[in-house]
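Trainee: sequence-free structure coming up:
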């Protein structure tokens, strides 16, 4: 038993010694591994610093000629772009400013010439003469009425048609879209259109300015493209809540289409305000339905025929000439749209850009 116990004691002692040796060897390996890791990190850091130094040296070694070339091209582009925009603004604004200066200048003095951007002899007689013409006042009322009513009716009609055609469940949406596109390139001609309007009793009437322009293929396609880009989940969620198509159009689609509505409204308003050919063609015999643009056209065409008339002599005595009256009438005609455009500009840009990218 003693020998067995002694052997067991020796075996246990040897086992403990082996365990100590194994632990010591593992510690040595771990320490060596830690040293290797530290050395690797040190080498990596050194290489990184060395790489940074090389990059900095390479950056410093870039020729100054390349830098100067790049900066020169940028400066040249900026200078040319600035000069082009300045020239474009001058070319665009100079006729307007020159007309404005002539309209505020004395008519007799304006005949001498030499008026560019500033009146030489101030006078309001030109505007008084224009505003005293009964035909221009009547034309202004009709122009404002046709612009407001025509814009509202056209926007409502085109928006409803665009909403119908933009729905994917609508059966004939492609056929109707093709039909409206064809009308943009093909029409019946001037005489057939006049005969149709006469048969519908639209001539010598105010509604000839409103009804024919209610539907526009271009405006409808613009609205349809915008509405087609809206998520279908909006309509589906509204239908789950029990909303009908008219409710969806008024309360969901229309609030989201404010930018494109403003764009189309500006298109229609400018077209209605500047239109004069329809007044000459369909309401030429009705002075009560004349428009401001038509009266301005008659005024411009009669300038060359008034050189020896009695009215010209009276106007000359009152320091008013046909040229100065023409300038004042042009400013009066242009002023409403110029005042309206800044308020619709942000909607105008947004409405044109949205829908141009297909995803």
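Mentor: Perfect, I can see it now. Because the structure is predicted, anything quoted here is derived from the model rather than measured.

Trainee: So for the residue found closest to residue 147 once you drop the neighbours it is linked to in the chain, what's the pLDDT?
Mentor: Leaving out its chain neighbours, the residue that sits closest to residue 147 by Cβ to Cβ, 6 or more residues apart in numbering is residue 272, at 4.4 Å. C-beta coordinates here come from the backbone N, C-alpha and C atoms, glycine included. Per-residue pLDDT puts residue 272 at 91.

Trainee: need the contact list for residue 272.
Mentor: Residues in contact with residue 272 (Cβ atoms under 8 Å, 6 or more residues apart in numbering) are 143, 146, 147, 150, 151, 209, 213.

Trainee: Pull up the gap between the second one and residue 240, please.
Mentor: From residue 146 across to residue 240, the span is 43 Å (Cβ to Cβ, to the nearest Å).

Trainee: What of the first one?
Mentor: Between residue 143 and residue 240 the distance, using Cβ to Cβ, works out to 47 Å.

Trainee: try residue 337
Mentor: 44 Å.

Trainee: Which one of those two is surrounded by more residues?
Mentor: residue 337 (14 against 8; other Cβ atoms under 10 Å).

Trainee: and that one, what does it touch?
Mentor: Going by Cβ under 8 Å, 6+ apart, the list of residues near residue 337 reads 269, 270, 273, 274.

Trainee: Not counting sequence-adjacent ones, nearest residue to the first one?
Mentor: Closest residue in space to residue 269, ignoring its immediate chain neighbours: residue 151 at 4.7 Å, by Cβ to Cβ, 6+ apart.

Trainee: Next: the second one.
Mentor: Nearest residue to residue 270, sequence neighbours excluded (Cβ to Cβ, 6+ apart): residue 337, at 5.9 Å.

Trainee: now the helix or strand hosting that neighbour: how far from the chain's centre is it?
Mentor: Using DSSP states H and E, residue 337 sits within helix 322-353. The chain centroid and the centroid of helix 322-353 are separated by 16 Å under Cα atoms, centre = their mean, to the nearest Å.

Trainee: Stretch 207-215 too?
Mentor: The answer for stretch 207-215 is 26 Å, by Cα atoms, centre = their mean.

Trainee: And for stretch 202-209?
Mentor: Worked out by Cα atoms, centre = their mean, stretch 202-209 lies 33 Å from the chain centre.

Trainee: Any idea how far apart the tips of that stretch sit?
Mentor: With Cα to Cα, to the nearest Å applied, stretch 202-209 spans 9 Å between its terminal residues.

Trainee: Report the buried residues of it.
Mentor: Buried residues in stretch 202-209, counted by 16 or more other Cβ atoms under 10 Å: 202, 203, 205, 206, 208, 209.

Trainee: circling back to that earlier point, please identify the buried residues of the helix holding residue 337?
Mentor: So helix 322-353, judged by 16+ other Cβ under 10 Å, has buried residues 322-334, 336, 340, 344, 347-348, 351.

Trainee: Okay, domains of the chain per the record?
Mentor: 64-103, 125-353 (automatic domain parsing).

Trainee: Among these, show me which one is buried the most.
Mentor: domain 125-353 (a mean of 16; mean count of other Cβ atoms under 10 Å).

Trainee: Can you give the distance of that domain from its chain's centre?
Mentor: On Cα atoms, centre = their mean, the centre of domain 125-353 falls 18 Å from the chain's centre.

Trainee: Okay, and the residue nearest to residue 147 sits in which element?
Mentor: Using DSSP H and E, residue 272 falls in helix 258-274.

Trainee: how about the closest residue to residue 149 other than its chain neighbours, what does it touch?
Mentor: Setting aside the residues directly before and after it, residue 149 is nearest to residue 210 in space (Cβ to Cβ, 6+ apart), at 5.7 Å. Residue 210 is in contact with 146, 149, 150, 153, counting by Cβ under 8 Å, 6+ apart.
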